[in-house]
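Q: mind folding the following:
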Amino acid sequence: MSIPTEPIGSIPRPPQLIEAIREFGEGRLTREKLDALYVDALRDTIARFEETGSPIITDGEQTKPSFATYPIAGLRNLAPDGVSVPFADGHTRQLPRLVAGPFFYKTHANSFLETAKKYTDRPLKQAVISASLLSLLYPQEGIEGYSREEFLEDLVREAVADIRGCLEGGAHKVQIDFTEGRLSIKFDPSRRLLQQFLSLNSQVLSHFTAEERQRIGIHTCPGGDQDATHSADVDYGDLLPSLFTLSAGNFYIQLASEKNRRRVLQLIRDHARPNQTIFVGVIDPINTRVETPEEVQDRVVEAAEFIPLQRLGTTDDCGFAPFSDDNSTARETAFKKIRARLTGTDLAAKKLGV
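A: Numbers count the residues shown, from 1 in each chain. Okay, here's the model as predicted:
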């Protein structure tokens, strides 16, 4: 396939795994039985990914509690009452709150990569959470004996280690999930919070060489959970010009579910840098209808009007199930959509003569 195509990351967990996670949390299932179901789900996900013919696969984030909290799950210096994120359908997700320092990751993403490598020889992509989202763990009132400056220093060190571990572990790409980009503008329309987020992520990226940054990407979307978003009403024009100042080689941009795709493509054309590959979203994970390959083809051809073919790729708008309890999308539907992306991208490549 001459136009590169990659998944974002998460795949819906099997219903029996979702139920087992709930039972384990309630003390009704042993860790041994839960771990066995994790292995079954992981092997099945990888096998299904391979069956699609996808040139790049992921582990589907089957063993993560969520795309955002995997590094901190199990830490003892957290309280449950952190920043709350409201979604358009009325439900919320809440981050924990740091109550004492120092801050460190309990789990690094390369551990998921190493496990997935046991079950496949295909190139693996690994998603990591952004330093900017985890910066929200620090409370506004501060922490006695542990300053915000000390926290951010520890956070950047851990975020760099998270990415570097994946690169050194052989990940084909490392994707930084920056779904809070548009959300930050909703929280703070002055965009000062966005600039703080971008500055923090730039600090992380500055620790990598130009060659390494060509294997690092930034994913942006308006969130996706239980068929709802948290910031789709925020204008992309308030984010994209600043987003492309990040020194990453790849950008994964939600686009299929945008109401005015051509306007977003114009923003990409006007602000993306020549050394940045743009993976446009051609699949909407929170819409249960499976796109046809022809629809995907048309979206790719449209994007090629604005983005040079040598810098154009395709992806899904978001992960299909970023949180472990999200069962809003059927597992089979997710893989049908992935197949549509692959076939449609191939059709577009042939139509465009590449």
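Q: all the helices of the stretch 1-150 of the chain, residue numbers only.
A: In the stretch 1-150 of the chain, helices defined by DSSP state H, counting those that start in this stretch lie at 15-25, 31-52, 110-116, 131-134, 148-168, listed in chain order.
Q: run through who's touching the third one.
A: Applying Cβ atoms under 8 Å, 6 or more residues apart in numbering, the external contacts of helix 110-116 come out as 42, 46, 58-59, 61, 63-64, 70, 124, 126, 162, 165-166, 168-171. To be clear about C-beta, it is placed using only N, CA and C from the backbone, and glycine gets the same treatment.
Q: and these, which of them are buried?
A: For these, burial is judged from neighbour counts taken by 16 or more other Cβ atoms under 10 Å, and it is met by 42, 46, 58-59, 61, 63-64, 70, 124, 126, 162, 165-166, 169, 171.
Q: out of the residues you listed, which is nearest to residue 338?
A: Taking Cβ to Cβ as the measure, residue 58 is the one of those closest to residue 338, at 10.5 Å.
Q: need the contact list for residue 34.
A: Residue 34 neighbours (Cβ under 8 Å, 6+ apart): 20, 21, 24.
Q: correct me, but the first one touches residue 33?
A: Yes: if you go by Cβ atoms under 8 Å, residue 20 and residue 33 touch, sitting 7.0 Å apart.
Q: and those two? which has more neighbours close in?
A: residue 20 (21 against 12; other Cβ atoms under 10 Å).
Q: excluding sequence neighbours, find me the nearest residue to that one.
A: Sequence neighbours aside, residue 37 is the residue nearest to residue 20 in space, at 4.9 Å (criterion: Cβ to Cβ, 6 or more residues apart in numbering).
Q: ok, that neighbour to residue 22 distance?
A: Using Cβ to Cβ, to the nearest Å, we find residue 37 at a distance of 12 Å from residue 22.
Q: what's the pLDDT at the nearest residue to residue 97 once chain neighbours are set aside?
A: Distances taken as Cβ to Cβ, 6+ apart put residue 82 closest to residue 97, at 3.7 Å, once the chain neighbours are dropped. Reported pLDDT at residue 82 in the predicted model: 96.
Q: likewise residue 252?
A: At residue 252 the predicted local distance difference test score is 98.
Q: please identify the helix or strand for it.
A: For residue 252, the host element (DSSP states H and E) is strand 250-253.
Q: helix or strand right after that strand?
A: Under the assignment DSSP H and E, the closest C-terminal helix or strand after strand 250-253 is helix 261-271.
Q: for that following helix, which residues meet the burial criterion?
A: Neighbour counts over helix 261-271 (16+ other Cβ under 10 Å) mark 261, 264, 265, 267, 268 as buried.
Q: how much space between the residue nearest in space to the middle of the chain and residue 56?
A: Centroid-nearest residue in the chain, with Cα atoms, centre = their mean: residue 177, separated by 3.8 Å. With the distance defined as Cβ to Cβ, residue 177 ends up 16 Å from residue 56.
Q: likewise for residue 264?
A: 24 Å.
Q: ok, now residue 229?
A: For residue 229, the distance to residue 56 - Cβ to Cβ - is 25 Å.
Q: of the two, who's got more company?
A: When residue 229 and residue 56 are compared on other Cβ under 10 Å, the one with more neighbours turns out to be residue 229, at 23 against 16.
Q: which residue sits closest to the more buried one, ignoring its sequence neighbours?
A: The shortest distance from residue 229 to any non-neighbouring residue, by Cβ to Cβ, 6+ apart, is to residue 222 (4.2 Å).
Q: so that neighbour touches residue 235, yeah?
A: No: here residue 222 does not reach residue 235: they are 10.8 Å apart, not a contact under Cβ under 8 Å.
Q: looking at these two, which is more packed in?
A: residue 222 (25 against 12).
Q: ok, the residue nearest to residue 79 when sequence neighbours are not counted - how many residues close by?
A: The spatially closest residue to residue 79, leaving aside those adjacent along the chain, is residue 97, at 4.7 Å (Cβ to Cβ, 6+ apart). If you count neighbours by other Cβ under 10 Å, residue 97 ends up with 17.
Q: so where is the stretch 151-300 of the chain shaky, pLDDT-wise?
A: Scanning the stretch 151-300 of the chain with the threshold set as pLDDT under 70 gives no residue ranges.
Q: name the helices or strands packed onto the one helix or strand residue 202 maps to?
A: Under the criterion DSSP H and E, the helix or strand holding residue 202 is helix 192-205. The criterion is 3 or more Cβ pairs under 8 Å, 6 or more residues apart in numbering; DSSP states H and E, and the helices and strands that helix 192-205 contacts are helix 131-134, helix 148-168, helix 180-187, helix 240-243.
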